[in-house]
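Engineer: This is a predicted model, with the sequence first.
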Amino acid sequence: MKLHRKHHIPALAVVAASALLAIAAASGAASQALWPTLTSPSTPQRAPDTDGFIPRWLLLEPIGVNGLTDSAVQAIVKKEYFPDQFTVIPHDGDKVTVGDAQLTWHAVDTKNYNVNLYHFAYALGKPTSNVLFWTVTLVNCPQEMRGVRLAVGSNAASVWWVNGQEVIGIYGDRQTVIDDGVSKRLTLKKGQNIVRAAVINGGGATDFCARFLDENDKPLKGFTVSVGEVRK
Amino acid sequence: MKYALLVTVLTLASIALALDGQIGIHDPSTVVLCDGKFYTYGTGGSSLVSDDGWTWRPGVALPRRGLAPDVIHIGDRYYVFVAGNIGAQPKAAVNMIWSKTLDPNSPDYKWEEGGVVASSDGVEDSNAIDPGVFLDPTDGRLWLVYGSYFGYIRLVELDPKTGKRINPNDKPRDLAINCEASDMMYHDGWYYLLATHGSCCRGADSEYNIRMGRSRKVTGPFLDAEGLDMILGGGKLLIGSGGHVIGAGHFGLLDLGQGVQKFSMHWEADLDRGGASVLDIRPLLWKDGWPVAGENLKEGTYEIESERTGTALELAVEGMPVGGPRGRGGRGTGGAGRGGAAAPGAAGAPGDAAGRAGVAVPGSGGGGRGMFAGTGTPIPPQDVAQVSTNWPAGKIDTRMGVYLCQAQQKWAISAVPNAGGYPGSPYFKITIAGTDRTLAATEDAELVVLPAFTGGPDQLWRFDQLADGSWRIMPKSVPNSKEALVLSAVGSSFATLARFDPTSDKQHWLVKIP
């Protein structure tokens, strides 16, 4: 029996990491040095990985929230925390003000199929429990792709939008399972498509993964992802 | 037929949930499809026809009447084999007739006599009645089995181009004994001989039951699951009496394609129809290399669970834990379960830091003291009227989740009167139990739950039991689509409609009693 199934970093380690971060002036470079699974993008665009997972995302530093039920999550994600929250295409280093806090968008590539939000927030000295993460990526399609589905997993709840349309909501205190939540069939237009998500964590580990599935439920390929306007 | 019994055509009114309509028949031929209609022919000139395989009506009698016909469709011909006694049993003969169609209204409906294909002289160990015809899918050869309790079940080869004996002088092979109403089929490298054991024609006192053996060769020997040769009386049971029906006989394979198989047969006595002999169509399942008789879906309240994911189809609404919200001991966070534990305004009952959220009632048999003790009293089923007050009034999406005995996960599946059906069953509606909220197909081939059932074909559902006992679930039609689509799991928490893939478990569903 394991009541606390999520991993908790000992408080001492948190203190030590915070001290280290303070010494490093909490610079982006220092944060990235402490990201075991995330790196800063070094190329304009990336292809999905071999299993179709999207590796590149813009992550906003966490916002404190509380609630994982359907209604609580819907209320949390529908609240406006910063201007143009549902339409903005942020760039690495952009800042938004949420309440009294100034939060920064970070462009990341993940080394794994999933994006580890715990690593992300912990390295920044930010809270990892009872938080909301906003994330955005741009999916660039060489041609229109019909009948595809967005397929996600998240720890914990998450809500997802594609080109402004809410397409998935998965709720409760859940773990990241590949293709846990799957959208209805949708069309990715030729050119740039915006995938946006709000991931809410209760406590412990937090991460997400996302990919598109083709009409045969196989991983979709043939597109690239970027974290900013694609400028030719 | 154990006795030279000429059964009058039975015409019965529909009174039960077996097949619908007038289904009185004895010794039915294998149900076959011709130009969109299903046909079967029985002893004494009886005939049934159906537009959908569910509702039946009397058909036109064959020009040659006799005992226990069998039918097969090869090329542009329908061959019918009909037995008749020549005087008294066991002197008998099987005659073949053929037509290009079974539809009496077609200009091609014309029967030709094909002559005798098998016979018994009244002395030999054979009674040439009860023909069963089999086309070997591996090589296209055509075979006829026949016989009854006087002597052996025998096998002869026919010409698939003419339906006649390839060589009338060839000696028939003996395959089985102490049975009748035989037929054959092929599956995964094995030939199966199915034959009816026990007594017939005694109404509710009939002991008819269908048994089988299998062989690697069409010519046998056919051994049962215990290794006993059918020629020594062996036979593994496929189906016998049960419920309100007595005496199973005259197996006929109805292969609907894509791995969906059913079989036609008759019951000697349907107690709900006054003990009449009636047609039935059942799913044919497979287990360990042997056919198993399945069951058509019965009305009831069920959990619909994906065999692929283990998650249950549910209305996409915030769930309420059965028994109400409860804190999670030691964590001090009430109502954190999936799907939403805490109802609006109900914060739950947080446990204290040590997890001492409750106290066991002595003698309750619960999990001892503390957070595992339960309430000490039985928790009643969730009242859908109570928990549905916050559900949206209009259309609601579906999703799949871990089954938690909650109201939005329980589906009432009930037959829709006068809505037609498919071989063996009527169309059903699927509603959230205790409500009229109805599962429907959408024009973009997804699922939605409508506020109420209105009877449209997008709300009528077909359940076909598959070889492994799970179910294929499909709407009668999908709006603006001519494709036959079925309920399909996508990922862990979503269901959609998709083309049926017999090799995938995404479209296999378990229908469980909650």
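Structural biologist: In hand now; what should we look at?
Engineer: In the stretch 51-200 of chain B, which residue sits nearest chain A?
Structural biologist: B:Asp188 (26.4 Å; C-beta to the nearest C-beta). C-beta: built from backbone N, CA, C; applies to glycine.
Engineer: which secondary structure element contains A:Phe208?
Structural biologist: strand A:207-213 (DSSP states H and E).
Engineer: Counting by contacts, list what that strand packs against.
Structural biologist: Identification of packing neighbours for strand A:207-213 by 3 or more C-beta pairs under 8 Å, 6 or more residues apart in numbering or on different chains; DSSP states H and E yields strand A:115-116, helix A:117-123, strand A:145-155, strand A:191-201.
Engineer: roughly how far is the second one from the heart of the chain?
Structural biologist: Relative to the centre of its chain, helix A:117-123 is centred 11 Å away, using C-alpha atoms, centre = their mean, to the nearest Å.
Engineer: rewinding a little: next, the contact list for the nearest residue to the residue of the stretch 51-200 of chain B closest to chain A once chain neighbours are set aside, please.
Structural biologist: Nearest non-adjacent residue to B:Asp188, counting by C-beta to C-beta, 6 or more residues apart in numbering or on different chains: B:Gly289, 7.1 Å away. B:Gly289 makes contact with B:188, B:190, B:214, according to C-beta atoms under 8 Å, 6 or more residues apart in numbering or on different chains.
Engineer: Where strands are concerned, which of the residues you listed count?
Structural biologist: B:190, B:214 (DSSP state E).
Engineer: Now do B:Gln409 against B:Ser306, distance only.
Structural biologist: 12 Å (C-beta to C-beta, to the nearest Å).
Engineer: A:Gly204 too?
Structural biologist: Taken as C-beta to C-beta, the span from A:Gly204 to B:Ser306 is 28 Å.
Engineer: Which strands and helices lie in contact with the strand or helix carrying A:Val167?
Structural biologist: A:Val167 belongs to strand A:165-170 when assigned by DSSP H and E. Here strand A:165-170 touches helix A:70-78, strand A:145-155, strand A:157-162, strand A:181-182, going by 3+ C-beta pairs under 8 Å, 6+ apart.
Engineer: from the helices and strands packed on strand A:207-213, which stretch is densest packed?
Structural biologist: Stretch with highest mean neighbour count among these: strand A:115-116 (a mean of 26; mean count of other C-beta atoms under 10 Å in any protein chain shown).
Engineer: which one of A:Gly204 and B:Ser306 has more residues nearby?
Structural biologist: B:Ser306 (25 against 18; other C-beta atoms under 10 Å in any protein chain shown).
Engineer: Low-confidence ranges, chain B, go.
Structural biologist: B:1-17, B:327-369 (pLDDT under 70).
Engineer: what sits in contact with each of B:Gln409 and B:Ser306?
Structural biologist: B:312-313.
Engineer: Identify whichever of the helices and strands packed on strand A:207-213 lies nearest to chain B.
Structural biologist: Across those, closest to chain B is strand A:145-155 (C-beta to the nearest C-beta), at 5.4 Å.
Engineer: just checking, what packs against that closest one?
Structural biologist: strand A:157-162, strand A:165-170, strand A:181-182, strand A:186-188, strand A:191-201, strand A:207-213.
Engineer: one step back: now the helices and strands packed on strand A:165-170 as TSV including mean pLDDT and distance to B:Gln382?
Structural biologist: Below are the helices and strands packed on strand A:165-170 laid out as TSV (pLDDT from 0 to 100; distance: least, C-beta to C-beta, whole Å):
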stretch	mean pLDDT	distance to B:Gln382
helix A:70-78	97	17
strand A:145-155	98	27
strand A:157-162	98	23
strand A:181-182	98	24
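Engineer: ok so, going back, let me have the contacts of B:Gly289 in TSV, extended by neighbour count.
Structural biologist: Conversion of those to TSV gives the following (neighbours: other C-beta atoms under 10 Å in any protein chain shown):
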residue	neighbour count
B:Asp188	6
B:Trp190	15
B:Arg214	24
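Engineer: List the contacts of residue 128.
Structural biologist: No chain was given, so I picked chain A. A:Thr128 neighbours (C-beta under 8 Å, 6+ apart): A:62, A:117-118, A:121-122, A:201, A:204, A:206.
Engineer: switch to chain B, that's the one I care about
Structural biologist: Contacts of B:Ala128 (C-beta under 8 Å, 6+ apart): B:83, B:90, B:92-94, B:118-120, B:146-147, B:154.
Engineer: Kindly report the same for B:Arg57.
Structural biologist: B:21-22, B:48-50.
Engineer: Which of these fall in strands?
Structural biologist: Reading strands off the contacts of B:Arg57 with DSSP E, I get B:21, B:48-50.
Engineer: is it possible to export the contacts of B:Gly289 to JSON lines including distance to A:Asn112?
Structural biologist: As requested, these are exported to JSON lines (distance: C-beta to C-beta, whole Å):
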{"residue": "B:Asp188", "distance to A:Asn112": "42"}
{"residue": "B:Trp190", "distance to A:Asn112": "48"}
{"residue": "B:Arg214", "distance to A:Asn112": "51"}
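Engineer: Phi and psi next, for the nearest residue to B:Asp383 once chain neighbours are set aside.
Structural biologist: For B:Asp383, ignoring the flanking residues on the chain, the nearest one in space by C-beta to C-beta, 6+ apart is B:Ala407 at 7.5 Å. With angles defined as degrees, to the nearest 10, B:Ala407 sits at phi -60, psi -40.
Engineer: now do B:Val387
Structural biologist: phi -80, psi -10.
Engineer: try B:Glu446
Structural biologist: Per degrees, to the nearest 10, the backbone of B:Glu446 is at phi -120, psi -170.
Engineer: contacting residues for the residue nearest to it when sequence neighbours are not counted?
Structural biologist: Distances taken as C-beta to C-beta, 6+ apart place A:Lys184 nearest to B:Glu446, at 4.9 Å, with adjacent residues excluded. Shown in contact with A:Lys184 (C-beta under 8 Å, 6+ apart): A:149, A:167, B:444, B:446, B:496.
Engineer: try B:Ser492
Structural biologist: Going by C-beta under 8 Å, 6+ apart, the list of residues near B:Ser492 reads A:177, A:179-181, B:309, B:311, B:400.
Engineer: could I get the residues you listed as CSV with secondary structure?
Structural biologist: Below are the contacts of B:Ser492 laid out as CSV (DSSP: H, G, I helix; E, B strand; the rest coil):
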residue, secondary structure
A:Val177, coil
A:Asp179, coil
A:Asp180, coil
A:Gly181, strand
B:Thr309, coil
B:Thr311, coil
B:Met400, strand
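Engineer: What are the boundaries of the strands in the stretch 301-450 of chain B?
Structural biologist: B:312-315, B:327-328, B:333-334, B:398-401, B:411-415, B:421-422, B:425-426, B:428-432, B:438-441, B:447-450 (DSSP state E, counting those that start in this stretch).
Engineer: Tabulate those strands (a markdown table), appending distance to chain A.
Structural biologist: Below are the strands of the stretch 301-450 of chain B laid out as a markdown table (distance: least, C-beta to the nearest C-beta, whole Å):
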| stretch | distance to chain A |
| --- | --- |
| strand B:312-315 | 11 |
| strand B:327-328 | 8 |
| strand B:333-334 | 7 |
| strand B:398-401 | 8 |
| strand B:411-415 | 20 |
| strand B:421-422 | 27 |
| strand B:425-426 | 29 |
| strand B:428-432 | 17 |
| strand B:438-441 | 13 |
| strand B:447-450 | 9 |
